[in-house]
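Undergrad: here you go, sequence then predicted model.
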Amino acid sequence: MWMSRLYPTYEPDTCLVSNGLSTMGFALPGAVAAKLARPDRRVLAMMGDGSFLMNSQELETAVREHIPLIVLVLVDEEYGLITWKMELELGRHSHTRFTNPDLVAYAESFGAHGYQVESADQLLPALRRALDDEGVSVIACPVDYTENLRLTDRLGSLSGPF
């Protein structure tokens with residue numbers, strides 16, 4: 001959600017978001033398609049862990065077909081956007097938590113490179129290593145989605161050509 005609102009884009013088709021019907025699971029296969037359409041460009045798929053697990057098997061496709069890309073998985077072990085919307089609409093949420101496999105080992109089981117970020121200062125070095133990798137890389141990065149409600153309050157009236 002924040003990508004679609006705040007990520008600056010300067011050229012058409014440089015940030016693809018499937019948000020019309022709150023589609024989950026789009027980012028990884030969408031990134032594979034984007035890389036096939038634009039093999040000269042670097043491609044980064046960013047998604048939550050719930051969305052990643054819906055189509056994570058596409059790592060195998062990317063590895064097998066030699067489609068280099070980076071997958072940044074925001075890990076909170078929750079359907080964060082759904083929790084956020086439930087909190088906004090109902091003042092509570094339910095049944096949105098889950099557990100993940102070891103995402104680094106999972107990525108490596110498909111032949112991809114796996115990176116685990118433990119703190120904010122490790123994200124940029126992990127991204128740089130992934131950019132230097134040949135092939136497919138997965139970066140698991142923990143996030144604290146409790147900030148969403150505070151950000152909603154602060155940025156709720158934000159509008160513009162985002």
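TA: Alright, I've got the coordinates.
Undergrad: can we go C-alpha only for contacts and neighbour counts from here?
TA: Noted.
Undergrad: ok, the most centrally placed residue in the chain to residue 154 distance?
TA: Residue closest to the mean C-alpha point of the chain, counted by C-alpha atoms, centre = their mean, is residue 47 at 1.7 Å. Counting by C-alpha to C-alpha, to the nearest Å, the gap from residue 47 to residue 154 is 23 Å.
Undergrad: again, but for residue 12
TA: Separation of residue 12 from residue 154 (C-alpha to C-alpha): 28 Å.
Undergrad: so for these two, which sits in the more crowded spot?
TA: With neighbours defined as other C-alpha atoms under 10 Å, residue 12 and residue 154 compare such that residue 154 has more, 10 against 7.
Undergrad: for this structure, what spans make up the strands?
TA: In the chain, strands defined by DSSP state E lie at 44-48, 69-75, 113-116, 136-142, listed in chain order.
Undergrad: can you list those strands in a markdown table and add distance to residue 128?
TA: Conversion of those to a markdown table gives the following (distance: least, C-alpha to C-alpha, whole Å):
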| stretch | distance to residue 128 |
| --- | --- |
| strand 44-48 | 12 |
| strand 69-75 | 10 |
| strand 113-116 | 11 |
| strand 136-142 | 11 |
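Undergrad: okay if I get those strands as JSON lines plus mean pLDDT?
TA: Converted to JSON lines, the strands of the chain look like this (pLDDT from 0 to 100):
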{"stretch": "strand 44-48", "mean pLDDT": "93"}
{"stretch": "strand 69-75", "mean pLDDT": "96"}
{"stretch": "strand 113-116", "mean pLDDT": "98"}
{"stretch": "strand 136-142", "mean pLDDT": "97"}
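Undergrad: show me the shaky parts of this structure.
TA: Along the chain, the parts satisfying pLDDT under 70 run over 1, 19-22, 148-149, 152, 155-162.
Undergrad: all helices for it, in order.
TA: Secondary structure of the chain, counting by DSSP state H: helices at 2-6, 27-37, 49-55, 58-64, 80-90, 103-109, 123-132, 147-155.
Undergrad: what's the closest of those helices to residue 18?
TA: Taking C-alpha to C-alpha, helix 27-37 is the member of these nearest to residue 18, at 7.9 Å.
Undergrad: mind listing what's buried along that closest one?
TA: Neighbour-count burial for helix 27-37, with 16 or more other C-alpha atoms under 10 Å as criterion, is recorded at 27, 28, 29, 30, 31, 32, 34, 35.
Undergrad: which one of those is nearest residue 82?
TA: Distance to residue 82 across the buried residues of helix 27-37 (C-alpha to C-alpha) is lowest for residue 27, with 16.9 Å.
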